[in-house]
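J.: Model the following, please.
(one chain, ligands or ions: 1)
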Amino acid sequence: MLNARPVPHLPDLLVIEPRRFVDDRGYFEETWSAGDFAKAGIGVTFVQDNHSMSLAPGTLRGLHFQAPPRAQAKLVRCVRGAVFDVAVDIRRGSPTYGHWHGIELAPGNGRKFFIPEGFLHGFITLEPNSEVEYKCSDSYAPDLEGAVRWDSVGIDWPWKDAPRLSPKDAAAVPFSGFHSPFGKGQIA
Ligand SMILES: Cc1cn([C@H]2C[C@H](O)[C@@H](COP(=O)(O)OP(=O)(O)O[C@H]3O[C@@H](C)C(=O)[C@@H](O)[C@H]3O)O2)c(=O)[nH]c1=O
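T.: Numbers count the residues shown, from 1 in each chain. I've put the predicted structure just below:
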């Protein structure tokens, strides 16, 4: 049974708490179950798993999307270190367009963040060697990927120094000049 709670101000985003079976060896948890997702009414099929490791704390990856028809829903968790993970609504016509939500993900809390299509995604690492794993509902389509500047959306990042960025993310467009490829079709 999935313990998933919608984010109150962006209810298409889900925070999933793990069901951990603790014993004297440690713990066991199912990290993803197709059956549990189906029972919870989350109609998504994951086809690719990603894993990234970031050496330095303050490394920011984002804010990224892949455009339709190859848009990606994601299920994100942190398996080492800690990250502040963020999703931003970019569904044109959505009453919450431009609104964001961020949560801390870490192996200790086992929390997962479900982000449907129509959202930007990014995270900043809070510890050295932080590792993030995420499932994606479509495979990588580099011609359809895009990015919005991390500091142009009004996100209250919990890291106040300049972040470490890829050249691509440093050159991303600001949110004010961004035309989202996601329309009303992505609104549940
Ligand atoms: C995302 C991705 C990248 N790559 C390659 C392309 C490039 O040479 C190298 C590094 O790619 P990037 O710099 O885009 O990696 P990164 O900045 O970690 O990009 C990721 O950020 C997070 C926030 C997401 O949500 C992901 O969807 C993805 O956009 O990996 C793949 O082969 N498959 C993939 O699915």
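J.: tell me which element the residue nearest to E133 when sequence neighbours are not counted is part of?
T.: Distances taken as C-beta to C-beta, 6 or more residues apart in numbering put H51 closest to E133, at 4.9 Å, once the chain neighbours are dropped. Where you see a C-beta, it was placed from the backbone N, CA and C, and this is true even at glycine. Element membership of H51, judged by DSSP states H and E, is strand 48-54.
J.: Tell me how far the most centrally placed residue in the chain lies from the ligand.
T.: In the chain, the residue lying closest to the centroid (C-alpha atoms, centre = their mean) is H121, at 4.6 Å. Applying C-beta to the nearest ligand atom, to the nearest Å, the value for H121 to the ligand is 4 Å.
J.: and that residue, what is it in contact with?
T.: 62-65, 74, 76, 85-87, 115 (C-beta atoms under 8 Å, 6 or more residues apart in numbering).
J.: can you give me the strands for this structure?
T.: For the chain, the strands defined by DSSP state E occupy 3-7, 10-17, 21-23, 26-28, 48-54, 60-66, 74-80, 83-89, 100-105, 112-115, 119-125, 130-136, 145-147.
J.: how close does V15 get to the ligand?
T.: To the ligand, V15 is 17 Å away according to C-beta to the nearest ligand atom.
J.: give the contact list for the nearest residue to that residue once chain neighbours are set aside.
T.: Leaving aside its sequence neighbours, V15 sits nearest to R5 (C-beta to C-beta, 6+ apart; 5.4 Å). Residues near R5 by C-beta under 8 Å, 6+ apart: 14-15, 17.
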